[in-house]
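Undergrad: following is a predicted model, sequence given first.
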Amino acid sequence: ACASVTPLPDGPLLDVTWQLLELEGEPVGNGADGTRATLQLGRDGRASGNAGCNRYGGGYSMDGTEMRFSTLAMTRMYCDGFMELERNFAAALQNTRAWRIADDRLELMADGRVLARLART
């Protein structure tokens, strides 16, 4: 059976830009270009965005509340002061096993804990 994504009453999950607010419960600031790190989940099974310095892209899969990202390819610029944010965000995506919406925020989770919290732009 095909997994269906239920549209959320307060807005879509897919084909919107999510901005990173928190990693591991800690607030994060803007990335190198002055905007927040982002995540887009396309209907085509592709995930993409800006990790704080570099752009990234790759596949993702969803089955109900489960979510996994495939290996993400990333551009290779160096941005002084933003590489730790980028590493931590990339690790959070790779470690994601589930998702939920809470208080209109997208929460990426593993083992019952929130790895990353994002808001629609």
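TA: Sure thing, it's come through. Numbers count the residues shown, from 1 in each chain.
Undergrad: how about low-confidence regions in this protein?
TA: 1-11 (pLDDT under 70).
Undergrad: hmm, 50 instead?
TA: 1, 6-9 (pLDDT under 50).
Undergrad: how about the strands in it?
TA: With DSSP state E as the criterion, the chain has strands at 17-23, 26-27, 38-41, 46-50, 55-63, 66-69, 73-74, 98-102, 105-110, 113-120.
Undergrad: what bridges to the spatially closest residue to residue 72 that is not a sequence neighbour?
TA: Nearest residue to residue 72, sequence neighbours excluded (CB to CB, 6 or more residues apart in numbering): residue 58, at 3.8 Å. (Each C-beta comes from the backbone N, C-alpha and C, glycine too.) Taking DSSP bridges as the rule, residue 58 bridges to residue 47.
Undergrad: wait, residue 58 sits on residue 69?
TA: Yes - counting by CB atoms under 8 Å, residue 69 is a contact partner of residue 58 at 6.1 Å.
Undergrad: which residues does the residue lying closest to residue 56 once chain neighbours are set aside contact?
TA: In space, and not counting its chain neighbours, residue 56 is closest to residue 74: 4.3 Å by CB to CB, 6+ apart. Applying CB atoms under 8 Å, 6 or more residues apart in numbering, we find residue 74 in contact with 51, 54, 55, 56, 86, 90.
Undergrad: no further queries at this time; thank you.
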